[in-house]
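Novice: The following block contains a protein sequence and its predicted model.
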Amino acid sequence: MITLSKDKNGDIFGVPYDTGPVVMVYRKDLVEAVGANIEDATKDWDSFVAFAQKLKDETGAYILPAATSLINPLVMGTNNAPGEPVYLKNGKPNLDSDEIKTLVKLVKSLYDRELVAALDGSSRDQKFIKLFRQGKLFADIDGPWVEGRIVQEYDPEGAEKGLWRVAGIPNETNVNAGGTVFAIPEQGKHKAEAWKFVQYMMDDKNVLDIAKIAGTLPARTEIYSNAFFDTPSEILGGQLSMKYYTEIVKNIKPYASSAVDNIANDILSDAIVKIIAQDADIDSTLEDANKLLSRRMRTL
């Protein structure tokens, strides 16, 4: 989160508040239904796809809500050098990198084999929530806050029965899904008061209170020694989920934000939809996406 709180000159402009290591919440009963274990299913991406096929064949359940939902978090974790922007390499667009091509092939395989429930869409869509509750949708991939969504939206009854658990992303992919940064705009008229608010929110007690209520993971790693992080999760069958999230944070490769992030993300998303839904050629489509991003960057 520190790298995401820096400007282009490397100066820190904000205070990191919470962070979002990407995790996978999943239906434990579906793992058991096919006689598998989650460690083998998430060993690597080939194992994950093989498990998804077995799951679909034996239970009719989909592995994930949407094919494209994998792209954003995984690109963040695999397409950059530590501390560097995700979509740029030496200042030039890298939407046609080998890493992105590998991810595109993965999601295309899942979609072509009908192992995901849809091409695109938010996991909070009613069509996916219905599948979760029917036991026909295996997992969702997001930040720690997804734990709260299980009991609030996805599957309250299943959560009460202890059917849900959390695990890491296949292939030990450690990546951040976002977080919150407090910053005071230069145009602000009450900067002194704003700074007092930031200080208040960063107090140990208040950081922990928000984490307990909202399920967010504090960005301040020195607070992880608090007993709160050893509290079993009622939603996840007694797993020490918050402790688990703190362990993932230690292994996340930091990346830097850049002015082209949102533009690049939109361009890449459009390209991936063409590749998956229209069977467009991967290499040429990503090369075209790279050229488009280069042109857009000239106007920034």
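Specialist: Nice, I can see it. On a predicted model such as this, the values are computed, not experimentally measured, just so you know.
Novice: from here on, contacts and neighbour counts on C-alpha atoms
Specialist: Will do.
Novice: and residue 266, how many residues sit next to it?
Specialist: Using other Cα atoms under 10 Å, residue 266 has 13 neighbouring residues.
Novice: Counting by contacts, list what the host helix or strand of it packs against.
Specialist: Secondary structure assignment for residue 266, by DSSP states H and E: helix 261-277. Helices and strands touching helix 261-277, by 3 or more Cα pairs under 8 Å, 6 or more residues apart in numbering; DSSP states H and E, are helix 98-112, helix 282-297.
Novice: Now the nearest residue to residue 151 once chain neighbours are set aside. Its backbone dihedrals?
Specialist: Computed as Cα to Cα, 6 or more residues apart in numbering, the closest residue to residue 151 that is not its neighbour in sequence is residue 159, at 5.8 Å. For residue 159, the backbone dihedrals (degrees, to the nearest 10) come out as phi -60, psi -40.
Novice: what sits up against the helix holding residue 266?
Specialist: 68, 72, 86-87, 95, 104, 107-108, 111-112, 119, 280-282, 285-286, 289, 292-293 (Cα atoms under 8 Å, 6 or more residues apart in numbering).
Novice: Am I right that residue 18 sits in a strand?
Specialist: Yes - judged by DSSP: H, G, I helix; E, B strand; the rest coil, residue 18 forms part of a strand.
Novice: Next, the contact list for it, please.
Specialist: For residue 18, the contact set (Cα under 8 Å, 6+ apart) comprises 179, 180, 181, 216, 217, 218, 219, 220.
Novice: now with 6 Å?
Specialist: Residue 18 is in contact with 179, 180, 217, 218, 219, counting by Cα atoms under 6 Å, 6 or more residues apart in numbering.
Novice: Quick check: it vs residue 60, distance?
Specialist: 37 Å (Cα to Cα, to the nearest Å).
Novice: Kindly report the same for residue 190.
Specialist: Where residue 60 is concerned, residue 190 sits at a distance of 57 Å (Cα to Cα).
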